[in-house]
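**Student:** Build the 3D model from these lines:
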Amino acid sequence: MSAQTLPDKMLTKNHMGINIAAVTIGVGILTFPRGLAKATSGFDGWISVVISGLIAFLIGWLLAKLAARFPRQTFFEYTSMIASKPVGYVLTLLVCLYTMLFVSFEIRAIGNIAKQYLFYNTPVEMITLSFLLIVQYAVAGSRISMLRLNLLFLPVVLVVMFFVLLFTSQLIEVENVRPFFSSDWRSLLDGSQAVGLSYSGFEIILFYTMLMKRPKDGTKAMALGLFIPVALYLTIYIFVIGVFSAEVAKNLTYPTIDLAKEVEIPGGFFERVESIFFAIWIMTIFDTCMIWLDITILNLASMFRNVKKMVWILLLSPIIYFVAMLPQNLVDFFTFADYVTYFGMIIVYLCPILLLLLAIIRGVRGHE
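**Tutor:** Next up is the predicted model:
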């Protein structure tokens, strides 16, 4: 029998912050410099990164306040308390739909990128299926153990990113970042929207606050969880523009991976750094997938308590895989990603904020 007490099995604010950061740093960080360079006049995109980061923190703070108001209740339970049980069922099912679509997007992204950079002759269907099976295995285990896995993975990813930036710093050309402050406010706002779509992930605070030792620390966890990706996005964008220029970055499908391709380690010890970089980055996308699938099952289990976890995993996985295979090309894939993100903004950003306002007006609170 485990010697851990219940508090020992719960998350601290630092653990939650690391989980928020790990989920936020996903596929979007590989592609966002392209959209940001298109929306702004080159180097000024860093302003859009800061603006979108501040907006994300404001939304995340509101979501953390809502979850902390109902510290030991699931999303379905406190939605039902605030707005009635029928509304709770509808909104929770929509959240499950969103999280399933997000998993489909992530596993298809793994298939596309792995085929392009690692497994040239392997069908994307087999790469995607293999990755989904690994995610299934992770989700089938302990939820707390799964969340604490990010304590191991995230530092490794950040260290690898640090070395990529270190070895590409000598390639930065000052002419690539000029002129400064040449974008108008409309372009900067468009850029904020472009990079803001890559911040999806911090909304996990809505579902995992109940696992925290001190749910009231959710806002502090949110600050830590968003500071890491915002700082990383800002640094990566500056390096991508400094190395490639804005005009080149606009035409790169995965600018961050292409940045890793420019690394030349003295002595020729590693010749294909981008493959190593992507292999490490798979860990981050794996974190994102397993957490979103777990959130899907957590929400379904809160509504249908008699269905076991493994049953949900086996039922949902074929649907997730089928949806992941629907896009026929990269244009369809990125269009699918945009639709999923906009749908999520309504379901997990706008609706919870409205629930918070309604809870304050009605004076509804949960219990420890």
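
**Student:** do you know how far residue 285 is from residue 152?
**Tutor:** 15 Å (Cβ to Cβ, to the nearest Å). Backbone N, C-alpha and C define where each C-beta goes, glycine included.

**Student:** Those two: who's more crowded?
**Tutor:** residue 285 (23 against 9; other Cβ atoms under 10 Å).

**Student:** would that one count as being in a helix?
**Tutor:** Yes - counting by DSSP: H, G, I helix; E, B strand; the rest coil, one finds residue 285 located in a helix.

**Student:** Helices of the stretch 101-250 of the chain, start to end?
**Tutor:** Secondary structure of the stretch 101-250 of the chain (DSSP state H, counting those that start in this stretch): helices located at 124-139, 143-148, 150-168, 185-196, 205-208, 218-244, 246-249.

**Student:** Any buried residues in stretch 193-213, and which?
**Tutor:** 193-212 (16 or more other Cβ atoms under 10 Å).

**Student:** now the stretch 151-300 of the chain, which segments are flagged as low pLDDT?
**Tutor:** In the predicted model of the stretch 151-300 of the chain, residues 179, 181-183, 197, 264-274 satisfy pLDDT under 70.

**Student:** how about a cut-off of 80?
**Tutor:** For the stretch 151-300 of the chain, residues meeting the criterion pLDDT under 80 lie at 167-198, 245-247, 249-250, 252-254, 257-258, 260-281.

**Student:** sorry, back to before: so which of the helices of the stretch 101-250 of the chain comes closest to residue 332?
**Tutor:** helix 124-139 (12.9 Å; Cβ to Cβ).

**Student:** And the average pLDDT for the closest one is what?
**Tutor:** On average, the pLDDT along helix 124-139 is 89.

**Student:** List the buried residues in it.
**Tutor:** Result for helix 124-139 [16+ other Cβ under 10 Å]: buried residues 124, 127-132, 135-136, 138-139.

**Student:** Need the contact partners of it.
**Tutor:** Under the criterion Cβ atoms under 8 Å, 6 or more residues apart in numbering, residues 103, 107-108, 110-112, 114-115, 119, 146, 149, 286, 289-290, 293-294, 297, 313, 317, 320-321, 324-325 lie in contact with helix 124-139.

**Student:** Could you tell me which of those residues count as buried?
**Tutor:** Using 16+ other Cβ under 10 Å, the buried ones in those are 103, 107-108, 110-112, 114-115, 146, 149, 286, 289-290, 293-294, 297, 313, 317, 320-321, 324-325.

**Student:** OK, contacts around residue 321?
**Tutor:** Contacts of residue 321 (Cβ under 8 Å, 6+ apart): 104, 107, 128-129, 132.

**Student:** What is the most widely separated pair among those residues?
**Tutor:** Spanning the widest gap among the contacts of residue 321 are 104 and 129, at 12.3 Å by Cβ to Cβ.

**Student:** picking that back up, between the contacts of residue 321, which sits nearest residue 239?
**Tutor:** residue 107 (28.0 Å).

**Student:** Who are the contact partners of that closest one?
**Tutor:** 128, 131-132, 135, 289, 320-321, 324.

**Student:** so where do the helices sit in the stretch 251-368 of the chain?
**Tutor:** Assigned by DSSP H, counting those that start in this stretch, the stretch 251-368 of the chain shows helices spanning 255-261, 273-303, 309-324, 330-344, 351-362.

**Student:** Save these as JSON lines, and put in distance to residue 46 too.
**Tutor:** JSON lines is the format used below for the helices of the stretch 251-368 of the chain (distance: least, Cβ to Cβ, whole Å):
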{"stretch": "helix 255-261", "distance to residue 46": "15"}
{"stretch": "helix 273-303", "distance to residue 46": "22"}
{"stretch": "helix 309-324", "distance to residue 46": "33"}
{"stretch": "helix 330-344", "distance to residue 46": "22"}
{"stretch": "helix 351-362", "distance to residue 46": "28"}
